[in-house]
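Colleague: what follows is a predicted structure for the sequence shown.
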Amino acid sequence: MSAYQRMGQGMKRIAIGLAVLLAGWAAPAAAMTFMKVDHVCPVGGERFSAQEMGSGTAFGHFLDGRLHGAIQSPWPLVSCPGNGFVIYKRDYSADEIKRLTAVVESDDYQRMRGRETSYWLLARLLEAADAPPQERAGALQRATWQASPAQYPAYVQAAATAFARQCPDAADPAARDEAWLYCQMLLGEWERRLSRFDSARTRFQRLQTLPQQLVLGEDRARAQRQYVAEIEQQLQLIADGNALNVMAVDANAPVGREGADGVSRTGQHGDAAAAAAAQAAADTAVSAADAAASAAAAAADATIDAAAQAADASEQALREQGR
């Protein structure tokens, strides 16, 4: 098991998924596949078919966990065409169907269909179904990846509130683990993205010595290096007053080769012009990947879905990481 897989499994119990680098330098050729899936809507019984993404390849990740590569991230969800119910697993109990039907048939949900993202709707459904809070937190994290600039502050506030309950700042040191550390890093990332630089700086400075204490188990050295590098990267971004969405460094890339962010490991914090050029290159690559994903979906005449990750939200997160 790789360090990245182990780190992902460590997060499963709070269902938010660890956004770690995949083995980009040894990754297979970019591949994204689609498949036709027949559905019966759990709410209302509507029958329909959708072309869904069956696989994808990730070469890196952003500091907020979103994957980068020949993949759509978050993993796209499918909705019933008639009522907009977001299908998120295969089997539902009678009580869940009752609760979910009441929400989907409400005027509020139908209004949200036209203005909110699919993962925001999913978070509402998970709340109605009384799903574990960590599953709703995972859905809200992914909603932030879909958010428009106008939606982003409210989405981040909702996600941060949900995550803060999973990893309180004042948690007993004996109860802290790798999941707590990653959750705290997400909170710091969202603070930086909202230009709350003082709060973000304080948080990441507090976390600097913790990877060696909290990241244990198989391949811990690689995982620890990645955490330490991302904390260092965050502190540099904060010092620069940078609130942009940024790709994470690859702490385990071979020396002298470029990481997923396009920055050489031998000169990670070069001059401002070099850093800006590297980020521009990364942004261009991400835009190209997103455009390719959209084109492929359109060519397939697809309403993209996450049926393959239907067991629960945490399984979906691990599936993204394992590509």
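Modeller: The structure has been received and is ready for your questions. Numbers count the residues shown, from 1 in each chain.

Colleague: residue 191 and residue 157, how far apart?
Modeller: The gap separating residue 191 from residue 157 is 11 Å, by CB to CB, to the nearest Å. In short, each C-beta sits where N, CA and C put it, glycine included.

Colleague: more neighbours: these two, which one.
Modeller: Between residue 191 and residue 157, residue 191 has the larger neighbour count (other CB atoms under 10 Å), namely 23 against 14.

Colleague: per-residue confidence for that one?
Modeller: On pLDDT, residue 191 comes in at 98.

Colleague: equivalent analysis for residue 34, please.
Modeller: 85.

Colleague: now whichever strand or helix holds it: buried residues?
Modeller: Assessed by DSSP states H and E, residue 34 sits inside strand 33-40. Within strand 33-40, the residues that count as buried by 16 or more other CB atoms under 10 Å are 34, 37, 39.

Colleague: pull the CA atoms of it into PDB?
Modeller: As requested, the backbone C-alpha atoms of strand 33-40 are provided in PDB (Å, rounded to 0.1, in the frame of the first residue of the first chain):
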ATOM      1  CA  THR A  33     -13.900   6.700 -19.600                       C
ATOM      2  CA  PHE A  34     -17.700   6.900 -19.700                       C
ATOM      3  CA  MET A  35     -20.400   4.200 -19.500                       C
ATOM      4  CA  LYS A  36     -24.100   4.100 -19.900                       C
ATOM      5  CA  VAL A  37     -26.100   3.300 -16.700                       C
ATOM      6  CA  ASP A  38     -29.800   2.700 -16.300                       C
ATOM      7  CA  HIS A  39     -31.500   4.100 -13.200                       C
ATOM      8  CA  VAL A  40     -34.800   4.000 -11.400                       C
END
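
Colleague: direction included, what does the next helix or strand after it pair up with?
Modeller: Sequence-wise, the next helix or strand downstream of strand 33-40 (DSSP H and E) is strand 47-55. Here strand 47-55 is paired, per DSSP bridges, with strand 33-40 (antiparallel).

Colleague: which residues in the protein form strands?
Modeller: 33-40, 47-55, 57-61, 67-70, 78-79, 86-87 (DSSP state E).

Colleague: out of those, which comes closest to residue 222?
Modeller: strand 57-61 (15.0 Å; CB to CB).

Colleague: put the alpha carbons of that closest one into PDB.
Modeller: Coordinates of each C-alpha in strand 57-61 appear next as PDB, following Å, rounded to 0.1, in the frame of the first residue of the first chain:
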ATOM      1  CA  THR A  57      -6.500   9.800 -13.900                       C
ATOM      2  CA  ALA A  58      -5.300  12.300 -11.400                       C
ATOM      3  CA  PHE A  59      -1.700  13.700 -11.400                       C
ATOM      4  CA  GLY A  60      -1.900  16.000  -8.400                       C
ATOM      5  CA  HIS A  61      -4.200  18.000  -6.100                       C
END
